[in-house]
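Chemist: When you get a sec, could you give me coordinates for this:
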Amino acid sequence: MRIALGLEYDGSAFAGWQAQAHAQGVQSVVEAAVARVADHPVEVVAAGRTDAGVHAAMQVVHFDTTSVRSARGWVLGTTTHLPPAVSVLWAREVPEAFHARYSALARTYRYLILNRTVRPALDHNRVCWIHAPLDHERMQAGAMHLVGEHDFSSFRAAECQSRTPMRRIYEIEVTRHGEYLEIRVMANAFLHHMVRNIAGVLIAVGTGERPVDWPREVLAARDRRQGGVTAPPGGLYLAGIRYAPALGLPSETGLPAAVGARIDATSPRQASGAREIE
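Modeler: Predicted coordinates for the structure are as follows:
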């Protein structure tokens with residue numbers, strides 16, 4: 001049978017999702033933990049490969065097994081054998097044709113910024129710290145230039161291995177919650193460093209360093225050299241994967257409780273921009 005798992009993890013201590021020969025990836029510890037519960041070797045396939053230092057509020061993986069366990073058994077048993085920075089949120093049996101990556105209709109990332117004079121202590125490695133004042137309304141106006149299907153060459157890393165730079169952004173919103181700003185982006189798929197590069201461009205707009213129309217100019221250039229700095233990985237969270245509703249899988253979750261509680265205690269969302277998924 002094929003099992004899907006929802007995971008959350010703090011990526012600070014990992015070299016990204018993918019298993020690597022000379023560094024620890026999240027994939028390696030998940031496969032080892034699932035294998036203990038299944039009582040046989042397993043290979044897990046993820047919906048997205050997060051980079052070093054990037055977190056997941058909900059990553060989705062699948063694996064095949066001949067072992068019969070309850071959903072509770074997969075969740076609690078696997079989590080027991082995982083390091084404290086990784087947990088299983090849910091488990092579901094899925095059709096054999098399900099694929100965590102290729103069955104995904106959309107993916108959502110959240111980029112979290114702490115905007116205050118003093119650097120973070122509690123949120124160290126979990127937010128991007130910007131001490132200069134940010135105007136989230138300017139950032140939202142600039143972000144709207146990116147909605148739709150475009151060539152995102154200006155927002156992809158040089159080492160990106162995707163065969164095409166074309167991506168479709170369905171939703172992008174910049175909201176302020178007291179001292180925190182959140183950039184939430186939903187797209188059909190993402191290029192390497194795409195969200196962090198978008199964040200870097202929007203931060204420059206928010207500080208007033210660049211005009212509101214600059215994201216449109218960067219997009220049109222189709223040249224990464226025109227795109228400014230890449231925002232640091234600590235503020236980036238894979239927030240969820242959207243699948244066909246018939247599968248009944250959770251599609252998105254909020255930020256981890258410790259960070260989310262501090263945000264939720266402040267102001268509500270103040271801006272939004274959305275497009276229907278076609």
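
Chemist: helix, strand or coil for residue 196?
Modeler: helix (DSSP: H, G, I helix; E, B strand; the rest coil).

Chemist: for residue 203, same thing?
Modeler: Residue 203 is classified as helix under three-state DSSP.

Chemist: Next, the contact list for it, please.
Modeler: With contact set as C-beta atoms under 8 Å, 6 or more residues apart in numbering, residue 203 has these partners: 113, 128, 130, 134, 139, 231. Every residue, glycine included, has its C-beta placed from N, CA and C.

Chemist: any idea how far residue 135 is from it?
Modeler: Distance of residue 203 to residue 135, computed by C-beta to C-beta, to the nearest Å: 11 Å.

Chemist: What of residue 246?
Modeler: Shown here: residue 246 relative to residue 135, a distance of 42 Å by C-beta to C-beta.

Chemist: neighbour count winner among those two?
Modeler: Set residue 246 next to residue 135 and count neighbours by other C-beta atoms under 10 Å: residue 135 wins out with 16 against 7.

Chemist: Could you tell me what pLDDT the model assigned to that one?
Modeler: Confidence at residue 135, expressed as pLDDT, is 97.

Chemist: surely it meets residue 206?
Modeler: Yes. Assessed by C-beta atoms under 8 Å, residue 135 is found in contact with residue 206 at 5.3 Å.

Chemist: need the longest strand for the chain.
Modeler: Residue-count comparison of every strand in the chain, with assignments taken from DSSP state E, identifies strand 166-177 as the longest.

Chemist: all strands for this structure, in order.
Modeler: Residue ranges of the strands in the chain, as given by DSSP E, are 2-9, 45-46, 55-64, 86-94, 106-115, 128-130, 148-151, 166-177, 180-187, 236-242.

Chemist: I am finished for the moment; much appreciated.
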